[in-house]
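> Structure for the following, please:
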Amino acid sequence: MPDRCDRPNFIIVTTDQQRYDTLGATGNDIVATPNFDNLAASGTLFTRCYTQNTVCIPSRACLHTGRYTHQHGVQYMESEIDTTPVLPHWETTFMERLQHAGYYTGACGKIHMMQPKGYHWTQLTGGKGSRWRKIIGQDIGPAPLGQDYARWLEEKRPGAYMEIYEQRQRPEYDNATVVNTLAEDEYVDYWIAEMAIEFLRMQRGDRPWLLWVGFCGPHGPFDPPERYARMYDPEEMPFPETFTDEMWDRPEFMRRERPDTVSDEQRELVQTRIAYYYAMMTQIDDMLGRILDVLQALGMVDNTIITTTADHGEMLGDWGRWGKGVFLEQVVHMPFIMHIPERLRTESCPSRYDGVIENFSIAATTLDYAGVEIPPEMAAPSLRPILEDGRDSRGLALTEYVDNNRRRAGACVIDERYKYATWGTEYIGELYDLQEDPGERRNLWNEPGYADVRREMSEKLMDRMLHSMEPAYTSFLGKLPEHVRNPGWGEERW
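A predicted model of the protein is given here:
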C-alpha cells in the first residue's frame, strides 16, 4: 500500500568497484543491464559523476556523511581490514538526520561503514574480498562475508558457506577468476536482494523510509555463478587497447616497462576476467529488477526516489592494471542514475545531465527531498536544482587517496575539461585534457604550453580544500546558547 505521508521514500543502490562503462545506458553494447538502463531512460543519467575517494571504506564514509575524506578523517584502508579507521563518533551520517526527522532506515549487503550509524534495521556483509582464502586464520582478519549472510546460507543449505572458502583454497582460484561453486540463488548478491525485498515487505506505509542496498559485485574475485559465467564468451571480449602501453610520463609508482608480448594464457585470463565482470553486472541487474518488481507490486514505486551509483571503479586490465587507487577515469568516473517518481518530477527535469557532479551528493540530495535541513558542514551540494530545472552544477569534483601504509597521498580535481592530480612534491603530477584526450593517453604536466592550465587547476584544488574545512560539530555548536558557545560572553574585556 502507498505511504500515508507526502515525504518520499528512498532506495539507494550501490555496487562495489563498478566502472562507468558497464551499462547499456553508458554505451556498453556487450553487457546486458536492462533494469539499470530502464531506470536511466525514465530518470536522469548523470554522465560525469566522480567519486570522492578511490578505495572502498573512505569512499563510503564520504557517501554516508556528504563530507570529503579530509573532513571526516577515514583516509585509508588497512591491509588488516578490522584496523581500518572507523567513522569518528562526532561525524553524523545523513541516515541519522533522517531518523531524527521520522524516517525508518535500513541497510542490506555491503555498506562498509565501520561502525554502522543511522540504521534501524540491517542485514550486512563486509564484501567479497578476493584476498580472503580462509574463513579464519589469516593475518588480514576474518573473512568479510560475515555472519548475517553465513546464517542465511547455512539455513538454506548446510555446509554451503564453507564451500566458498574450500573453493578458494584450490589451485583453480589462484588467479581469483573462477565459476562460483554456489548456485545463483545462494550467491551473496542474491541474498542481498532477498534482504532488500524483506525490508520492503515490512513497510506498512505509516512512515517514510530509506533503504540502502549495497551489492558486493562486481568487485573481485571474478566469480559469477555458472549460469551467468556462461553468458559471455571470453574469446569475444575486447582486449584492453592499452594493456601493453608504456606509462613513462606518469608518476613513478604508475610507470612500468612495456611487455614484449602477451602470452595466450595471459590473454585468456584477461578476457575471462572481463567476461566474468560483465556476468556479475548482469546478475546485479537481475537482482535490481527483482527489487523493483516488488516495489511496484507493493504500490510504493510512485513515492520512492531511486539512486544508483558505485563507490569507485576498476582498471580491468587497462594499462595492464587491476583494481583501484589511482585517479584514472576507469577508477574515478562513476555511473550515477536518479529516478524521481512522476509526482515529484518537474517538466524541466533532464533525462541526461553532462555537467560534473560528485557522487557524495546523494547525502544532500536525499535530505533536500526529505525536507530535512542540510547542515553547513556537509560539503556535498544537493542535486535537486539540477533535477528540477536543469540548473548547472558547481562544475568541479574533488577526489582523494591515501595508500594503506600512508606513505603516499594524492588529491585530484576534475572540471568540465581538465583533470589535475598531485601526489606531493616527491612525484610528477598528472594533467589530462579530457575533452581532447578522453583516454588519458598523454600527461600534460610538464608541457610548457599548459603551464597556465596547471596553475589554474592547482588553484581550484586549493580553493576547494580551503572552502571545505567546516568541522563536524558546527551544527551542534550552533544550537547551543550563546553563553555555552562562548563562555566569556557578556564579560567586560580590557
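> all strands of the stretch 351-494 of the chain, in order?
According to DSSP state E, counting those that start in this stretch, the stretch 351-494 of the chain carries its strands in the segments 352-358, 397-402, 409-414, 418-422, 430-433.
> Sorry, slip of the keys, the one I care about is the stretch 201-350 of the chain.
Under DSSP E, counting those that start in this stretch, the stretch 201-350 of the chain gives strands at 209-218, 304-310, 333-339.
> Can you lay out those as TSV showing mean neighbour count, distance to residue 433 and mean pLDDT?
(Each C-beta comes from the backbone N, C-alpha and C, glycine too.) Shown next, in TSV, are the strands of the stretch 201-350 of the chain (neighbours: other CB atoms under 10 Å; distance: least, CB to CB, whole Å; pLDDT from 0 to 100):
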stretch	mean neighbour count	distance to residue 433	mean pLDDT
strand 209-218	27	30	98
strand 304-310	24	25	98
strand 333-339	25	15	98
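> Need the ones you listed in JSON lines (columns: distance to residue 294).
Listed next are these as JSON lines, based on distance: least, CB to CB, whole Å:
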{"stretch": "strand 209-218", "distance to residue 294": "11"}
{"stretch": "strand 304-310", "distance to residue 294": "11"}
{"stretch": "strand 333-339", "distance to residue 294": "16"}
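> Go through the ones you listed and name the closest to residue 283.
strand 209-218 (6.9 Å; CB to CB).
> Dump the closest one to CSV, restricted to CA.
Only the C-alpha atoms of strand 209-218 are listed here, as CSV (Å, rounded to 0.1, in the frame of the first residue of the first chain):
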residue,chain,number,x,y,z
TRP,A,209,11.7,5.1,4.9
LEU,A,210,15.1,4.8,3.3
LEU,A,211,16.8,1.5,2.2
TRP,A,212,20.5,1.3,1.3
VAL,A,213,21.1,-1.8,-0.9
GLY,A,214,24.9,-2.5,-1.2
PHE,A,215,25.7,-5.2,-3.7
CYS,A,216,29.1,-6.8,-3.3
GLY,A,217,29.8,-7.2,-7.1
PRO,A,218,31.4,-6.7,-9.5
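> Quick one: neighbours of the residue nearest to residue 398 when sequence neighbours are not counted, just the number.
Leaving out its chain neighbours, the residue that sits closest to residue 398 by CB to CB, 6 or more residues apart in numbering is residue 464, at 5.0 Å. Per other CB atoms under 10 Å, the neighbour tally for residue 464 reads 17.
> Poorly predicted segments of the stretch 1-150 of the chain, please.
Low-confidence segments of the stretch 1-150 of the chain (pLDDT under 70): 1-5, 78-83.
> how about a cut-off of 90?
By pLDDT under 90, the low-scoring segments of the stretch 1-150 of the chain are 1-6, 57, 73-90, 112-116, 126-127, 129, 136-144, 146.
> Residue 15 belongs to a strand, doesn't it?
Yes: under DSSP: H, G, I helix; E, B strand; the rest coil, residue 15 falls within a strand.
> Report the contact partners of it.
Residues in contact with residue 15 (CB atoms under 8 Å, 6 or more residues apart in numbering) are 215, 217, 218, 281, 284, 308, 309, 310, 311, 335.
> what separates the second one from residue 65, distance-wise?
It stands for residue 217. Using CB to CB, to the nearest Å, we find residue 217 at a distance of 25 Å from residue 65.
> Test my guess that residue 128 contacts residue 219.
Yes: at 5.5 Å, residue 128 counts as touching residue 219 under the criterion of CB atoms under 8 Å.
> Spit out the residues that contact these two alike.
residue 16.
> In stretch 372-386, which residues are buried?
For stretch 372-386, the neighbour count (16 or more other CB atoms under 10 Å) marks 372, 374, 375, 377, 378, 379, 380, 381, 382, 383, 384, 386 as buried.
> Model confidence at residue 494, what's the number?
At residue 494, the model reports a pLDDT of 40.
> Quick check: pLDDT value at the residue nearest to residue 398.
Here the pLDDT value assigned to residue 464 is 96.
> For it, give me its contacts.
For residue 464, the contacting residues are 396, 398, 413, by CB under 8 Å, 6+ apart.
> looking at those, which has the most residues close by?
Compared across these, residue 413 has the highest neighbour count, 25 neighbours, by other CB under 10 Å.
> Okay, the spatially closest residue to it that is not a sequence neighbour and residue 366: tell me how far apart.
Nearest non-adjacent residue to residue 413, counting by CB to CB, 6+ apart: residue 461, 4.5 Å away. Using CB to CB, we find residue 461 at a distance of 27 Å from residue 366.
> neighbour-wise, which of these two wins?
Comparing residue 461 with residue 366 by other CB under 10 Å, the one with more neighbours is residue 366, at 26 against 17.
> if I look at the more buried one, how far off is residue 10?
6 Å.
> And residue 70, by the same measure?
Residue 70 sits 27 Å away from residue 10, going by CB to CB.
> between the two, which one's more packed in?
Set residue 70 next to residue 10 and count neighbours by other CB under 10 Å: residue 10 wins out with 23 against 17.
> Surely that one touches residue 211?
Yes: contact criterion CB under 8 Å: residue 10 and residue 211 qualify, at 7.2 Å.
> what about dumping the CA coordinates of stretch 52-59 to PDB?
Taking C-alpha atoms only, stretch 52-59 is exported to PDB below (Å, rounded to 0.1, in the frame of the first residue of the first chain):
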ATOM      1  CA  GLN A  52      35.400  11.300  -3.600                       C
ATOM      2  CA  ASN A  53      37.900   8.500  -2.800                       C
ATOM      3  CA  THR A  54      39.300   5.700  -4.900                       C
ATOM      4  CA  VAL A  55      39.000   2.900  -2.300                       C
ATOM      5  CA  CYS A  56      36.000   1.300  -0.500                       C
ATOM      6  CA  ILE A  57      35.700   2.400   3.100                       C
ATOM      7  CA  PRO A  58      36.900   6.000   2.700                       C
ATOM      8  CA  SER A  59      34.600   6.400  -0.300                       C
END
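> quick one: buried residues of that stretch?
52, 53, 54, 55, 56, 57, 58, 59.
> Same question for stretch 171-181.
173, 176, 177, 178, 179, 180, 181.
> for those, which one is nearest residue 114?
residue 176 (24.0 Å).
> who's in contact with the closest one?
Residue 176 makes contact with 130, 220, 221, 222, 223 under the criterion CB under 8 Å, 6+ apart.
> With respect to pLDDT, which of those ranks lowest?
residue 130 (91).
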